[in-house]
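A.B. asks: fold the following, please.
(one chain, ligands or ions: 3)
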Amino acid sequence: MATDFKSIPIIDIGPLLAKCDDPKMGQDSGVAQVVKQLDQACKEAGFFYVVLRILFIQFEPMKDGKISIFCFIIFLSVMVWCFVIDQKGHGIPETILKQVKNLTRKFFELPYEEKLKIKMTADSGYRGYQRIGENITKGVPDMHEAIDCYKELKPGMYGDLGKPMEGCNQWPIQPTNFKMLMEEYVSLCTELSRNIMRGIALALGCSPYEFEGERAGNAFWVMRLIGYPGVHSANGSDIPKEDIGCGAHTDYGLLTLVNQDDDITALQVRNRSGEWISAPPVPGTFVCNIGDMLKIYSNGLYESTLHQVINSSPKYRVCVAYFYETNFDTAVEPLDICKERTTGAKKFERAVYGEHLVKKVQTNFVY
Ligand SMILES: N=C(N)NCCCC[C@H](N)C(=O)O
Ligand SMILES: O=C(O)CCC(=O)C(=O)O
Ligand SMILES: [Fe+2]
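C.D. replies: Numbering: from 1, shown residues only. Ligands and ions are numbered 1, 2, ... in the order given. Now for the predicted structure:
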């Protein structure tokens, strides 16, 4: 159950990533610490930041200009170590987080006619560009434009269940390298999410692989490249008109990774008393949150917390949200161990992820 949290915790998941391929990771003390923090954050807020790599903000021995050989060697070794970690592809370098947002911004700067070349329709499997106000949340048009992308579904792959989502992603030709960068980004986010889910599985008291195999071994994913216009002063008035960029909603799957612009606070998360708590940008991190499927698996121990986006800055805001889901056709129901940890009774009925997604998409867009 969400609590009256006032801020969102920051978790350094380095120790988890370092051991994530070790079946005995649960016994490692560094992993155990991360798992404890994940458990607390998921229970209290359903939201947390993950730091991918500790950056050297200030190297203490260099502060006054003096530096010993010993300290310098240690410093170098740590840098080499960070490099090796990157090479393994565990962490996602901050430069990639930035590139993805930059290319997204460039696309939204194109003339409307250009953007319409990859227009989203029901026939494209809801993939492609949607103009401002096209996405609807609780009956109200959202003040954002976006490109929606989904893991490809081949015709007939999931029978009638998958039919509405069948299609190929539509990538802009301009800027060039768009498709390549985004596909690389999806694969990095997929790997990172799988590893965070190992930590969350441990936090629930399960095997680290609880969300693999039948459940999410062939995880479906969604990516939304989103642009929120800044506020403009209404004609003749000094009062800026503030619109809802994205109305209050929960996410649909297991875990969301939000890569948001560094200089605008716009994402807000609702706590138990109904206050909206800001999730300000923390450069180099992802904001992570729990989706509806994980709420069901955990029997409500972890909640998919309501959140919304209001860009009250004059600047255009870009955000790239990646959603890690179960397999498309997985039927999700509360895990026994989670029922035991809650009231003993099952609080949620089983739901098929693909059905949940299709229902959402068909109400988000009315064609
Ligand atoms: N795939 C995800 N989570 N997309 C989030 C969009 C949230 C707004 C949508 N109109 C809604 O009401 O759900
Ligand atoms: O723009 C953001 O910060 C979050 C977007 C979001 O919540 C979503 O697309 O589901
Ligand atoms: Fe969301």
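A.B. asks: ends of stretch 335-350, how far apart?
C.D. replies: Stretch 335-350 has an end-to-end distance of 11 Å (Cα to Cα, to the nearest Å).
A.B. asks: buried ones in it, by neighbour count?
C.D. replies: For stretch 335-350, a neighbour-count test (16 or more other Cβ atoms under 10 Å) marks 335, 338, 339, 346 as buried. From N, CA and C alone the C-beta is placed, and that goes for glycine too.
A.B. asks: residue 201: what secondary structure?
C.D. replies: helix (DSSP: H, G, I helix; E, B strand; the rest coil).
A.B. asks: that one reaches residue 216, doesn't it?
C.D. replies: No. Contact between residue 201 and residue 216 fails when scored by Cβ atoms under 8 Å: they sit 10.1 Å apart.
A.B. asks: give me the more crowded residue out of those two.
C.D. replies: Neighbour count, other Cβ atoms under 10 Å: between residue 201 and residue 216, residue 216 has more, with 26 against 22.
A.B. asks: now for that one: which residues touch it?
C.D. replies: Residues in contact with residue 216, defined by Cβ atoms under 8 Å, 6 or more residues apart in numbering, are 194, 197, 254, 324, 325, 326, 327, 330.
A.B. asks: ends of stretch 306-325, how far apart?
C.D. replies: Span of stretch 306-325 from end to end, Cα to Cα: 18 Å.
A.B. asks: that stretch near ligand 1 anywhere?
C.D. replies: Yes. With Cβ under 6 Å from any ligand atom as the criterion, ligand 1 is reached by stretch 306-325 at residue 323.
A.B. asks: can that stretch be found next to ligand 2?
C.D. replies: Yes. Interface with ligand 2: stretch 306-325 contributes 307, 309, 319, 321 (Cβ under 6 Å from any ligand atom).
A.B. asks: get me the contact residues on the chain for ligand 2.
C.D. replies: Within the chain, the positions near ligand 2 by Cβ under 6 Å from any ligand atom are 224, 226, 246, 251, 258, 260, 267, 307, 309, 319, 321.
A.B. asks: would you check which pair of those residues lies furthest apart?
C.D. replies: Across these, the longest distance by Cβ to Cβ is 14.5 Å; it joins 251 and 260.
A.B. asks: pretty sure residue 280 sits against residue 266.
C.D. replies: No. Between residue 280 and residue 266 there is no contact under Cβ under 8 Å: 9.0 Å.
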